[in-house]
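Student: next one to model:
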Amino acid sequence: MADKFVAGWTLVCIVLVATRMPAVAADSSRFNACFEGCHQHCKNDGHCNVYCELTCDADCGSKEAAAKLSIAV
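Tutor: Below is the predicted model:
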């Protein structure tokens with residue numbers, strides 16, 4: 001009985017936290033410029049579309065986050 005209560009309470013807490021988190025706006029011009037160049041370069045190297053999407057999304061996302069936080073990557 002206690003296990004079900006703890007599991008239910010944990011689920012409620014997760015849902016409340018997830019609904020209260022503010023959305024982070026992306027700097028679309030910086031991200032798009034990075035992503036388009038990266039994606040084209042990746043495709044020219046002969047990689048598949050899915051690989052390029054994942055790789056460039058992670059790379060450009062980290063660069064954008066670093067720029068917002070003013071840290072070097």
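Student: drop to CA atoms for contacts and neighbour counts, all remaining ones
Tutor: OK.
Student: lowest-confidence helix or strand of the protein?
Tutor: Ranked by mean pLDDT, DSSP states H and E, the weakest helix or strand in the chain is helix 2-20, scoring a mean of 85.
Student: poorly predicted segments of this protein, please.
Tutor: In the predicted model, the chain carries pLDDT under 70 at residues 21-27, 73.
Student: what about 50?
Tutor: For the chain, no stretch has pLDDT under 50.
Student: quick one: furthest residue from the center of it?
Tutor: The C-alpha centroid of the chain is most remote from residue 1, which lies 37.7 Å away (Cα atoms, centre = their mean).
Student: for residue 42, give me its contacts.
Tutor: Residues in contact with residue 42 (Cα atoms under 8 Å, 6 or more residues apart in numbering) are residue 52.
Student: what's downstream of the least confident helix or strand of the chain, the next helix or strand?
Tutor: Next along the chain after helix 2-20, taking DSSP states H and E as the criterion, comes helix 28-44.
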